[in-house]
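> Need coordinates for the following:
(one chain, ligands or ions: 1)
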Amino acid sequence: GTTHAGTTLLGDPGGVTVAVIGAGAMGRGIAQVAAQAGHPVVLVDSQAGAADRARDDIAATLATLTAKGRVTADEAEATVSRLSTLTTADMRTVPPAGLVIEAVVEHIDVKRVIFRQLEETQPPTTVLATNTSSLSIDAITGEATTGHDAALHGGVSPAMARPGQVLGLHFFNPPPRMRLVEVVTGRATDPAVLDDACALMRRWGKTPVRCTSTPGFIVNRVARPYYGEAQRMAAEGIADPATLDLALRSAGFRMGPFELTDLIGQDVNLAVGESVWHQTGEDPRYAPTAYQRDLVRAGRLGRKTGHGVFRYDESGTAVDA
Ligand code: NAI
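Modelled structure (predicted):
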């Protein structure tokens, strides 16, 4: 049988280093959360300057929170002092950590290399997590040797030596504000690793929810018909987007499907939808709509381009909804 090394996640946070790989939108938010929870954090990126920019960005965010009275000046200073940065594309140079959270581009081959390099030099007790929103944990570890996973992700790859230490920690954007973390189990993930990861997420003030590694996990699967059906209704002229949003919002959803996809980015949302659709063997329940494809083709990506379903002014306020 396989023996598992266990984890060191639940020790005093000051003694449990968290390495965050990828200092983009998600990585910087995750690094902030970990540093605020008291961990020394190493922010790693392959692009020169990216990790330092992320650290500056976190410092600016904390300064804003201090000005608003939500974080004390001491706490902000201590948090920033826990953050260090490293520019490298070679994960074997990442210092030993109790937890590594990978948040690089959503490409299976890039992630596969990163996890194999981490495994070479990190201690056997280190937990290796991915923030992937659409890729299979088993395809990353190499446990996926049959079925859809293997076919979709280019066949059999050399399996990792310690897949028991690998899991998904799927944060939502922006990580400091969103409480949900989907804790995703792969075929080989050690149950003790899942337990400790859930306990750690609770310590970080998060709401961990366990799920298996299936396309879209929980939220990105359940939400597909929410977006898709609303888009089809708008395309059929049953009601306009502003009316559909008003109806759903008034029915108790936090945001309507159109304002929400404008916030996420129509391109980002379409990519997630296409991934779920392909991974389910093109199940029509998840089929991307012509409506959304047309938006993306027209460059109407949402708030970030000032025009998606709705138009936005400089301050990000919808001007025609
Ligand atoms: P991003 O594009 O903002 O940042 C990715 C960062 O990774 C960049 O700074 C890039 O330089 C760096 N990078 C790329 N290859 C690297 C390598 N080999 N080694 C080290 N660094 C590397 O991406 P974002 O949006 O932060 O997404 C990261 C991950 O999080 C993806 O897997 C994505 O699916 C997932 N995710 C994204 C969400 C979102 O709303 N943006 C929500 C939840 C998960």
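> Find the nearest non-adjacent residue to the single nearest residue of the chain relative to the ligand, please.
Nearest to the ligand in the chain, going by CB to the nearest ligand atom, is Gly24, at a distance of 1.8 Å. (Each C-beta comes from the backbone N, C-alpha and C, glycine too.) Spatial nearest neighbour of Gly24, chain neighbours left out: Ala103 (6.7 Å); criterion: CB to CB, 6 or more residues apart in numbering.
> Hmm, the one you found is touching Ala19, no?
No. Counting by CB atoms under 8 Å, Ala103 stays clear of Ala19, with 10.9 Å between them.
> got the residue ranges for the helices in the stretch 201-321 of the chain?
219-235, 241-250, 257-264, 266-279, 290-297 (DSSP state H, counting those that start in this stretch).
> quick one, which of those helices is packed in tightest?
Most buried of the helices of the stretch 201-321 of the chain, by mean neighbour count (mean count of other CB atoms under 10 Å): helix 257-264, with a mean of 24.
> related to what we said a few turns ago, save the helices of the stretch 201-321 of the chain as a markdown table, and put in distance to Lys206 and mean pLDDT too.
Listed next are those as a markdown table, based on distance: least, CB to CB, whole Å; pLDDT from 0 to 100:
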| stretch | distance to Lys206 | mean pLDDT |
| --- | --- | --- |
| helix 219-235 | 14 | 96 |
| helix 241-250 | 25 | 98 |
| helix 257-264 | 20 | 96 |
| helix 266-279 | 21 | 93 |
| helix 290-297 | 30 | 98 |
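> Between the ones you listed, which one is closest to Val44.
Closest to Val44 of the helices of the stretch 201-321 of the chain is helix 266-279 (CB to CB; 22.9 Å).
> Packing partners of the closest one?
If contacts are counted by 3 or more CB pairs under 8 Å, 6 or more residues apart in numbering; DSSP states H and E, helix 266-279 sits against helix 147-152, helix 219-235, helix 290-297.
> what's that helix in contact with?
106, 133-136, 148, 152, 215-216, 220-221, 224, 227-228, 261, 283, 286-288, 292-293, 295-296, 300-302, 308-309 (CB atoms under 8 Å, 6 or more residues apart in numbering).
> Equivalent analysis for stretch 286-297, please.
Among residues not part of stretch 286-297, those counted as contacts by CB under 8 Å, 6+ apart are 216, 221, 224-225, 227-228, 231-232, 234-235, 261, 266-267, 269-270, 273-274, 276-277, 280, 301, 308-309.
> please redo it, this time with the cut-off set to 6 Å
Stretch 286-297 is contacted from outside by 224, 228, 231-232, 235, 266-267, 270, 273-274, 276-277, 280, using CB atoms under 6 Å, 6 or more residues apart in numbering.
> The helices of the stretch 201-321 of the chain: which one's closest to Val80?
Using CB to CB, the nearest of the helices of the stretch 201-321 of the chain to Val80 is helix 257-264, at 27.9 Å.
> ok and that closest one relative to helix 219-235, angle-wise?
On the basis of axes from the mean of the first three to the mean of the last three CA atoms, to 10 degrees, helix 257-264 is oriented at 120 degrees to helix 219-235.
> so how far is Ile21 from Val127?
Val127 sits 13 Å away from Ile21, taking CB to CB, to the nearest Å as the criterion.
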